[in-house]
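[1] structure for the following, please:
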Amino acid sequence: MHAVLGQKKYQTQKFRTDGTRIPVTVVEVSQNPVTAMRTLDKDGYWAVQIGYGTKKHPNKPILGHIKGAKVDKAPQFLREVRFVDNAGMPEVGSMVELSSVLTPGDMIDVTGTSKGKGFAGGVKRHHFKGGPRTHGQSDRERAPGSLGQTTTPGRVYKNKRMAGKMGFERVTIKNLTVADIEGNLLFIEGLVPGTPEGILMITKVGEDKRFVPLLKEAKEETVVEVVEEQAVEAPEATEEVQAPSPEESPAVESAGEEIPQEAAPAEEVAPGEEVKEETPAEAVEQPTEEVKE
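    Below is the predicted model of the structure:
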C-alpha cells in the first residue's frame, strides 16, 4: 500500500537537528478501511477503495456498499488507490495503518481541494498586468483587455482566461517530505492545499535523500546525558565542600592549644609593631624570670 487518507488539522513550525526551522502541516490519519476492490477483468484496472471518517446519517446505497466490507460504520469519504497489478493489494475489510505506509524521510504527493475564494477578476485570478494608467484610461487599470476573437470564430474559445470563480478545485502539491510521525499524526514539511478538517490523499512516491530528522529526539538524548553527568559529579563536589565545613572548627576550639598557633586575629593586627613584642613565647618567658628573682 502506498497511499492513505487524512484530515488537515493545523500548521506550525519545527526545528531540524542542524538548527534549520521548517514550516510543518499536521495531518491526522486514522485507520483507513478497505471497502471495495477493482480488478482488471471486471473494471479494466487494479485499484482498492479506502475510506476515512464516519458518516452520521448514511443512506441505504452506502450501507449496501459497505455491507460486504464488514465495516461497522459507513466512512464519510471514499477514495480509490490504483495499482499496477494485484501484487501488494490489501484485502477487502482490512485496515490500512499509517505506520505501515509512511516513515519519516519519505517523499509524498498531497492531493486536496483548494480554498474557495469566490468571484475574482483577471488580475487576481490569472495575474494579468492590466491597462495603462495614462492617456485618459482611468477606468482600464484592472480590465482584462481584448479577447482576441473577431467575426471569424464568432465566439470565445473554451478555457479562455477571464474573470470567474477562483479556487475550490483539485490541487496536488508534489515532492513534499514526511518530517515526523507521532501516533496517528503526520507532520508534513511545507504547506498543503485545503482548509482545516479538509480531506487529503497522501501518496508515497520515493525517499528524500536530503532528509534531516527533527530536533525532538536529539534534545531528549542530550538532556539525559547531561543529567547523568551531573548526578555523578554532584556527590564529589559535596564531599569536598563538607571537608572544610564548620563541623571541624569546634573540634579545633576544644583542643585549646591549636587556637593561638593558628591565630587568625593575629594576622589581621600584623601591621602593628606591638604585636611582635607580645608574641606568645615572650609572654610566657617574662613571668618565669620574675618568679626566679
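
[2] from here on, contacts and neighbour counts on C-alpha atoms
    Will do.

[3] who are the neighbours in contact with residue 110?
    172-174, 176, 192-193, 200-203 (Cα atoms under 8 Å, 6 or more residues apart in numbering).

[4] among those residues, which ones are in strands?
    Applying DSSP state E to the contacts of residue 110, the entries found in strands are 172-174, 176, 200-203.

[5] mind listing the strands in the stretch 101-250 of the chain by residue range?
    Applying DSSP state E, counting those that start in this stretch to the stretch 101-250 of the chain gives strands spanning 106-113, 116-120, 164-167, 170-182, 185-189, 199-207.

[6] okay, those, which one's buried deepest?
    strand 185-189 (a mean of 23; mean count of other Cα atoms under 10 Å).

[7] excluding its backbone neighbours, what's nearest residue 172?
    residue 111 (4.2 Å; Cα to Cα, 6 or more residues apart in numbering).

[8] show the pLDDT at the closest residue to residue 156 other than its chain neighbours.
    Spatially, and ignoring its direct neighbours in sequence, residue 156 is nearest to residue 149 (6.6 Å; Cα to Cα, 6+ apart). On the pLDDT scale, residue 149 is placed at 86.

[9] does residue 149 touch residue 155 like I think?
    Yes: counting by Cα atoms under 8 Å, residue 155 is a contact partner of residue 149 at 6.9 Å.

[10] residues contacting the residue nearest to residue 172?
    Residue 111 makes contact with 170-173, 192-193, 200-202 under the criterion Cα under 8 Å, 6+ apart.

[11] make it 7 Å
    Listed by Cα atoms under 7 Å, 6 or more residues apart in numbering, the contact partners of residue 111 are 171-173, 200-202.

[12] what about it, distance to residue 155?
    Distance of residue 111 to residue 155, given as Cα to Cα, to the nearest Å: 35 Å.

[13] repeat for residue 122
    Applying Cα to Cα, the value for residue 122 to residue 155 is 19 Å.

[14] who has more neighbours, the two?
    Just comparing residue 122 and residue 155: by other Cα atoms under 10 Å the higher neighbour count belongs to residue 122, 18 against 10.

[15] quick check: pLDDT value at the more buried one.
    94.

[16] name the nearest residue to it, ignoring sequence neighbours.
    Nearest residue to residue 122 in three dimensions, chain neighbours excluded: residue 163, at 4.8 Å (Cα to Cα, 6+ apart).

[17] ok, that neighbour - how many residues close by?
    16.

[18] ok, it touching residue 126?
    No: shown here, residue 163 and residue 126 do not form a contact pair, counting by Cα atoms under 7 Å, at 8.4 Å.

[19] can you map out the helices along the chain?
    With helices called from DSSP state H, the chain shows them at 40-43, 60-67, 122-126, 215-242, 248-255, 258-262, 264-268, 274-277, 280-292.

[20] what are the contacting residues of the second one?
    Yep, that's helix 60-67 we're talking about. 35, 74.

[21] begin at 217 from now on, thanks
    Done: numbering now begins at 217, and the last item shifts to helix 276-283.

[22] what average pLDDT does it get?
    Rounded mean pLDDT across helix 276-283 is 88.

[23] can you pull out the low-pLDDT segments for the protein?
    Low-confidence segments of the chain (pLDDT under 70): 433-509.

[24] which non-adjacent residue is nearest residue 390?
    Nearest to residue 390 is residue 325, by Cα to Cα, 6+ apart, at 4.4 Å.

[25] OK, contacts around the one you found?
    By Cα under 7 Å, 6+ apart, the contact list for residue 325 reads 388-392, 418-421.

[26] redo the strands of the stretch 317-466 of the chain as CSV? Include distance to residue 295.
    Shown next, in CSV, are the strands of the stretch 317-466 of the chain (distance: least, Cα to Cα, whole Å):
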stretch, distance to residue 295
strand 322-329, 11
strand 332-336, 21
strand 380-383, 21
strand 386-398, 13
strand 401-405, 19
strand 415-423, 8
